[in-house]
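Q: Turn this into a model:
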Amino acid sequence: MNFEFSDEQKQMGAEARRFLAAKCPTTAVRAVLESDQPYDQALWAGLAEMGFLGVVIPEEYGGLGLGYLELCVIAEEMGRALAPVPFSSSVFLATEFLLAAGSDAQKAAWLPKLAAGDAIGTFAHAERAGAVTPRTIQLVAAEGRLTGAKTAVPDGEIADFAIVAARSAPGSDSRGISLYLVELTQSAVTRTTLQTIDPSRGHARLDFAGAQAELLGAAGEGWSILEQVFDRAAILTAFEQIGGADRALEMGRDYALERMAFGRPIGSFQAIKHMLADMYVSATLARSNGYYGAWALSTGAAELPEAAATARVSATQAFQHCAKNNIQVHGGMGFTWAFDCHLFYRRSNLLALNLGSQSTWEDKLIARLRARNAA
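A: Numbers count the residues shown, from 1 in each chain. As a prediction, this is how the structure comes out:
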């Protein structure tokens, strides 16, 4: 079995790398981080022109009509560049929810806008700190209106619409959870920007005061749809993390070869060698698990749930490990604002909590493996 990407897919990744190298150097990331600008609008428009926002969107809705393998290679390059745009929110989540459960009318209304970059979407489900479960979702949906609040919504301050998980039936189990498409520009929605470790990727609290909402998918099937979409998004996010981990490793390696101490490169010292070797091992393991996840995602394999959890856990560990040790390789300079190490450390910690924490996905992996063994 060949787990390698095809030549065409590699070429698409190379084109994305060239584009992002030219349009998204770390100075562009810093420009968003250090200003009130919520995201890089010029970069977002460029990504739309390249077709990267609509990779898996069918051609009839203005997308490229390609597959998830192509999206994986794009996600990796976005991670390498630390792109300060709502790519994961719109592409990994909003688009996937519409493809998975949207009606023909909903797809026709929003997918062309998402592909063209004319609309930004997101997903809102958390209402408090900690793991999100059916019991923790208490935002009320009644007669097509939502009342309550969602917090830590990625790109919530700039999104045009959100897919919202809400309780449509009393109780605390998953059967009472439904999904709703909500336009965030209506007056019944209040947005409050939240401070996070990585301001180049914004988050917000959304308060709904009887906001108009449109059911997405069947009533009571929201939690099932959520888990399916999160498995897809976990693999795509894993590739974003793999890209960041690889770039952090390269930064540490390059610095170790250039920085001199006691008349020799610091990379010649055993402690630095071991640190870089450990970073390489974790990044390579994450890539291996990511490739397995990409195969499962692209083929719709029965192993997708386990592959998604494995890729998510491995990539989270790798990006955090490489970002942290990149700072250590740089020594005292690594902690300063002038060096770019902190940009990768910020993003690694932010992505570690997207879609749920590492411990949440570890629990999912254990539960899924036990279920498969029992079967």
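
Q: For Met251, list the residues it contacts.
A: Contact analysis of Met251 by Cβ atoms under 8 Å, 6 or more residues apart in numbering lists 326, 330, 340-341, 344. For glycine as for every other residue, the C-beta is placed from the backbone atoms N, C-alpha and C.

Q: Could you report the distance from Ala119 to Ser187?
A: Distance of Ala119 to Ser187, computed by Cβ to Cβ, to the nearest Å: 19 Å.

Q: Mind picking the two most distant members of the contacts of Met251?
A: His330 and Phe344 (11.1 Å; Cβ to Cβ).

Q: Please say which of those two ends up with more neighbours.
A: Shown here are His330 and Phe344; by other Cβ atoms under 10 Å, Phe344 has more neighbours (28 against 20).

Q: I'd say the more buried one and Gly243 touch.
A: No: using Cβ atoms under 8 Å, Phe344 is not in contact with Gly243, being 10.5 Å away.

Q: where along the protein do the helices fall?
A: Taking DSSP state H as the criterion, the chain carries its helices at 7-23, 26-33, 41-50, 68-81, 87, 95-101, 104-116, 222-258, 270-299, 304-330, 341-351, 358-374.

Q: and these as CSV, adding mean pLDDT and distance to Ala142?
A: Listed next are those as CSV, based on pLDDT from 0 to 100; distance: least, Cβ to Cβ, whole Å:
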stretch, mean pLDDT, distance to Ala142
helix 7-23, 97, 44
helix 26-33, 96, 38
helix 41-50, 98, 35
helix 68-81, 98, 36
helix 87, 98, 34
helix 95-101, 98, 20
helix 104-116, 98, 21
helix 222-258, 98, 15
helix 270-299, 97, 36
helix 304-330, 98, 32
helix 341-351, 98, 34
helix 358-374, 94, 29
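
Q: between those helices, which one is nearest to Glu127?
A: Closest to Glu127 of these is helix 222-258 (Cβ to Cβ; 14.0 Å).

Q: Between helix 304-330 and the closest one, find me the angle.
A: If you take axes from the mean of the first three to the mean of the last three Cα atoms, to 10 degrees, helix 222-258 sits at 30 degrees to helix 304-330.

Q: Okay, buried residues for helix 222-258 please.
A: Neighbour-count burial for helix 222-258 flags 222-226, 228-249, 251-253, 255-256 (criterion: 16 or more other Cβ atoms under 10 Å).

Q: Stretch 213-223 too?
A: By neighbour count on 16+ other Cβ under 10 Å, the buried set for stretch 213-223 is 213-217, 221-223.

Q: tell me the two of these that are most distant?
A: The largest separation in the buried residues of stretch 213-223, counting by Cβ to Cβ, is between Glu214 and Trp223 at 18.5 Å.

Q: the strands in the stretch 101-250 of the chain, which residues?
A: 121-124, 140-142, 145-154, 161-167, 177-183, 189-194, 203-212, 214-216 (DSSP state E, counting those that start in this stretch).

Q: With mean pLDDT and distance to Gln270 as extra columns, can I get those in a markdown table?
A: Output for the strands of the stretch 101-250 of the chain, formatted as a markdown table (pLDDT from 0 to 100; distance: least, Cβ to Cβ, whole Å):
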| stretch | mean pLDDT | distance to Gln270 |
| --- | --- | --- |
| strand 121-124 | 98 | 46 |
| strand 140-142 | 95 | 60 |
| strand 145-154 | 97 | 41 |
| strand 161-167 | 98 | 51 |
| strand 177-183 | 98 | 54 |
| strand 189-194 | 97 | 43 |
| strand 203-212 | 98 | 41 |
| strand 214-216 | 98 | 56 |
